[in-house]
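Participant: I would like to see how this sequence folds:
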Amino acid sequence: GTVVTWGDGWRGGDSSSVQKQLKGVQEIHASSGAFAAILADETVVTWGDPDSGADSRRVQSELHHVQQIAANKGAFAALRTDGSVVT
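Facilitator: The predicted structure follows:
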């Protein structure tokens, strides 16, 4: 699917920095100031406030084969198809 965002850009309302990556979006999850999208290829794209979980660079190499994402106020956790969890 296509993603359209609006509102406070710092809190995810501006997805222009990741728009080219947002292809085949299956699900979107939100923390207090960030979003995480699971794509059709089971990878994850994040955007918004880094302090709310948007900065996934540290774990990006592990964000594949993701089937589910959970969020709280300032973080995300991803459940992979092998049963492992990425935080």
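
Participant: helix, strand or coil: sort out the residue nearest the centre of the chain for me.
Facilitator: Central residue of the chain (C-alpha atoms, centre = their mean): A36, 1.6 Å from the mean position. Per DSSP: H, G, I helix; E, B strand; the rest coil, the local secondary structure of A36 is strand.

Participant: surely it touches T46?
Facilitator: Yes: applying C-beta atoms under 8 Å, one finds A36 in contact with T46, separated by 4.8 Å. All C-beta atoms are positioned from the backbone trio N, CA, C, and that covers glycine.

Participant: intersection of neighbour lists for the two?
Facilitator: Contact criterion C-beta atoms under 8 Å, 6 or more residues apart in numbering; residues shared by A36 and T46: 53, 56, 76.

Participant: quick check: phi and psi on the last one?
Facilitator: Note on F76: backbone dihedrals following degrees, to the nearest 10 are phi -120, psi 150.

Participant: tell me who's in contact with it.
Facilitator: Counted by C-beta under 8 Å, 6+ apart, F76 has contacts 29, 31, 34, 36, 46, 53, 56, 69-70, 87.

Participant: okay, it: pLDDT?
Facilitator: pLDDT, F76: 98.

Participant: quick check: bridge partners of it?
Facilitator: A71 (DSSP bridges).

Participant: ok, now how distant is it from W47?
Facilitator: 12 Å (C-beta to C-beta, to the nearest Å).

Participant: can you check the second one too?
Facilitator: With distances defined as C-beta to C-beta, the gap from S56 to W47 amounts to 9 Å.
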